[in-house]
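>>> give me a 3D structure for the following:
(chains A and B)
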Amino acid sequence: MRLPRFNYLGPNTLEQALAFLSTYRDGAKILAGGTDLLVRMKKGLLTPKTLISLKGLDELAYIRQDKKDGKNGNDCVLIGSKTPIADIIASDLVQQQAPALSQACERIGAITLQHFAGTMGGNILQDNRCQHYNQSQFHRSGRGACHKDGGKICYARQDSDRCNSTCQSDGATALMALDASITLSTKNGERQVDLADFYTNDGIQPFAIEHDELLTQIRIPVQGGKSAYQRLSYRSAIDYPLVCAGVLLIPSISLPTQIGEARIVVGAMGRSPLYMAAASASLKGKTFDDTAAFQKAAKASMDTAAAFAVHNVGSTLEYRCAMAEEMVLQALIEAGKAARATQ
Amino acid sequence: MEKIEITLRINEITYQVRVLPNDTLLEVLRDKLDLTGSKEGCDEGVCGSCTVHMDGKPVRSCLTLALEAQDTQIKTVEGLATGDTLSGLQQSFIDHGAVQCGFCTPGMLMSADALLATTPRPDERTIRQGLAGNICRCTGYAKIVTAVAHAGNSQDHCPDCLTQTPDPNARSGSKPNQ
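All right, here's what the predicted structure looks like:
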C-alpha cells in the first residue's frame, strides 16, 4: 500500500510547529510516531495535504517530577507528548509514581514500535477504532459508507444514528485512572484540560481539540496512591485491547489502612475511557484487602460499562463485558496488594 | 510535490537518494537501493517482517518515512553478516532449522539481534517478549526461540542441544535438534 501524497514540514522548534499548525489548520495533521496516522493514511481513511512532523522537536521528549505545578498543590510527574513509549517503560519515576502507566505502556504495540514510533501523545490521540471502519479502501468500497466514513450507516449497531467507534488507547485509560491532565498549546497560548473532560463522546471526532492545538504535555498528580492496569487482547503484542481497566487507590489521610479515594476507569468499551464514578465511590472507607468490596465494585463497573459497549472490536460482547469485570477486579487486587506492601 | 535528495547511512554505506515525502523507508530500501532483504508483509506495522535497526533499535520500516530516517545509522538484515561470514545468530537459525518459508526471517533476525545486543543470554520468556512483534505464519516459534537462545554457539551442531537429555513432556522448543 502506498501512502497518499502529502507535503512534509519538519519544524525544528515548538514555536515553528505551532505557527505551521495555525496556518494549515485542518489541512494538516501532526506526525509524531506515525503508527496510527500512517496506517490510516495507507487505508485511505485520511488524506491530509500536509504532515507536520515532530521529529525535530526533542524539547517535547522528557519525563520529570515537578514540585510546584501539580493539582491541589501536589507534586506531579510531567511527560512531554513526544516521549517515546520505551522511555516511559524505562523510567523509574513513572514506575514508582504511576505504575499503571508503566504497565499500560509495556502493552502498547511491540518493542519495535516503542522506540521511535510510539509516543505518549500519539497514544492518547490515536483515533477511535471500529472493525467495520478500520479496513482497506477496497473492503469499504463494497458497501455504503459508515458514519465515520462520511455516510449515514452504522454497521456496529443497527439503526444507530451516530458513530459507535471505540477508544482503544491503553495509555489514555491508565492516565485517566491516574487523574492526569493534558496541556494543549496554540500559537497564542496554552490551556490545561483534565483528561476526563477531553472527550466529546462523538465517535467521529472523539477529542475536544481545536485544529490549531498541539498536545504538548501530560501531567500526572502524585497523590501517594497505588495504581494498576490490566488489559485483555488476542495477541500479547501489537493488538489493541478488547477491554482494559486502570485503577488508582489512594489511602485515607486520617486512616492510612483505608481507601480514601478510588478511581476505576474501564477502557476499550466506549467512545472514550469510562470513569466509573459509582463503583469508585463505593470503595471509600474499605480496606486494601477487602476482596468482597473489590468484587462488588468490579461488578458495578461491568454493569455501567456494558451499556456503552458495541460489538465492534472483535470477540463477542458477552465475553468482553464479563472480562471487564475481571480486569477491574484484577487491577484492584493488584493495586491493593501494592498499597499494603508499603504500609 | 517534488522529490527531495536525502542521505541515508545504511549498513555503514552512505547512499544519496531522491525520494518523495510519502516514500517509506521500506520502499526506498527495496525499490531504490535493492536491499530486498527487508520484506513487506502487512505494511501496517503488525507482522514485523520489515524490521530494521535505526541507531541500534528495532523499528518498522513500513511505518517510517524515508525522510525521517535521515541522520540515523540504519542496519538491515544485509548488514548482519560480515562479508560471507554469517553472524552467530544467522548461523544458529540455520543450525536449528528456524527457517521454513523464510519470509519472516529477516524481521525475526533483526528483532533478535537487537534483543541480544541488550541481553546477551536471554531466557525463553525474554526471547518470546522480544519477538512478540514478529509473526511467523508457517509453523511456530519453538525453533526460532531455540535458535535465538543458542545464538552464541558458533558450532555447526549446537553443543547445548546435543548435551540436553530429551524430556518427553517438554514442548518442542527445548527438544534437541536432530
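
>>> where's the closest residue to chain B within chain A relative to residue B:128, distance?
Residue of chain A nearest chain B, by C-beta to the nearest C-beta: residue A:110 (2.6 Å). The C-beta positions use only the backbone N, C-alpha and C, and glycine is treated the same way. Noted for residue A:110: a distance of 12 Å to residue B:128, by C-beta to C-beta, to the nearest Å.

>>> equivalent analysis for residue A:74, please.
Distance from residue A:74 to residue B:128, by C-beta to C-beta: 39 Å.

>>> those two - which one has more neighbours?
Neighbour comparison, residue A:74 and residue B:128: the larger count goes to residue B:128, with 17 against 14 (by other C-beta atoms under 10 Å in any protein chain shown).

>>> so that one, which state does it fall into?
helix (DSSP: H, G, I helix; E, B strand; the rest coil).

>>> same thing with residue A:204?
coil.

>>> and for it, the neighbour number?
Applying other C-beta under 10 Å, I find that residue A:204 has 17 neighbouring residues.

>>> could I get the pLDDT score of it?
For residue A:204, the pLDDT comes out at 94.

>>> might one say that it is in contact with residue A:146?
No - look at residue A:204 against residue A:146 with C-beta atoms under 8 Å: they stay out of range, at 9.7 Å.

>>> give me the residue from chain B nearest chain A.
For chain B, C-beta to the nearest C-beta, closest residue to chain A: residue B:133, 2.6 Å.

>>> that residue: which element?
Residue B:133 is part of no helix or strand when elements are defined by DSSP states H and E.

>>> that one and residue A:115, how far apart?
On the measure of C-beta to C-beta, residue B:133 and residue A:115 end up 11 Å apart.

>>> more neighbours: these two, which one.
Comparing residue B:133 with residue A:115 by other C-beta under 10 Å, the one with more neighbours is residue B:133, at 25 against 20.

>>> which non-adjacent residue is nearest that one?
Take residue B:133 and drop its neighbours on the chain: the residue closest to it by C-beta to C-beta, 6 or more residues apart in numbering or on different chains is residue A:110, 2.6 Å away.

>>> could you do residue A:17 as well?
In space, residue A:17 is closest to residue A:11, 4.0 Å off (C-beta to C-beta, 6+ apart).

>>> please report phi then psi for the one you found.
Dihedral pair for residue A:11: phi -60, psi 150, per degrees, to the nearest 10.

>>> that one reaches residue A:58, doesn't it?
No - using C-beta under 8 Å, residue A:11 is not in contact with residue A:58, being 12.0 Å away.

>>> near chain B, which residues of chain A? Just list them.
A:1-8, A:10, A:31, A:33-35, A:38-39, A:42-43, A:51, A:53, A:55, A:86, A:109-113, A:115-117, A:235-238 (C-beta under 8 Å from any C-beta of the partner chain).

>>> buried subset of those residues as a PyMOL selection?
Applying 16 or more other C-beta atoms under 10 Å in any protein chain shown to these, the buried members can be selected in PyMOL as follows:
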select buried, chain A and resi 1+3+6+7+8+10+31+33+34+35+38+39+42+43+51+53+55+86+109+110+111+112+113+115+116+117+237+238
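
>>> of the residues of chain A next to chain B, which belong to strands?
Within the residues of chain A next to chain B, residues falling in strands by DSSP state E are A:7-8, A:31, A:51, A:53.

>>> can you redo these as a markdown table with distance to residue A:105?
Below are those laid out as a markdown table (distance: C-beta to C-beta, whole Å):
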| residue | distance to residue A:105 |
| --- | --- |
| A:7 | 32 |
| A:8 | 28 |
| A:31 | 20 |
| A:51 | 25 |
| A:53 | 22 |
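
>>> could you dump those to CSV with pLDDT and distance to residue A:156?
Formatted as CSV, those follow (pLDDT from 0 to 100; distance: C-beta to C-beta, whole Å):
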residue, pLDDT, distance to residue A:156
A:7, 95, 34
A:8, 95, 35
A:31, 95, 29
A:51, 96, 29
A:53, 96, 33
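
>>> nearest to residue A:337, of those residues?
Residue A:337 has its nearest neighbour among those in residue A:31, at 40.6 Å by C-beta to C-beta.

>>> beta partners of that closest one?
Here residue A:31 sits in beta bridges with residue A:53, going by DSSP bridges.
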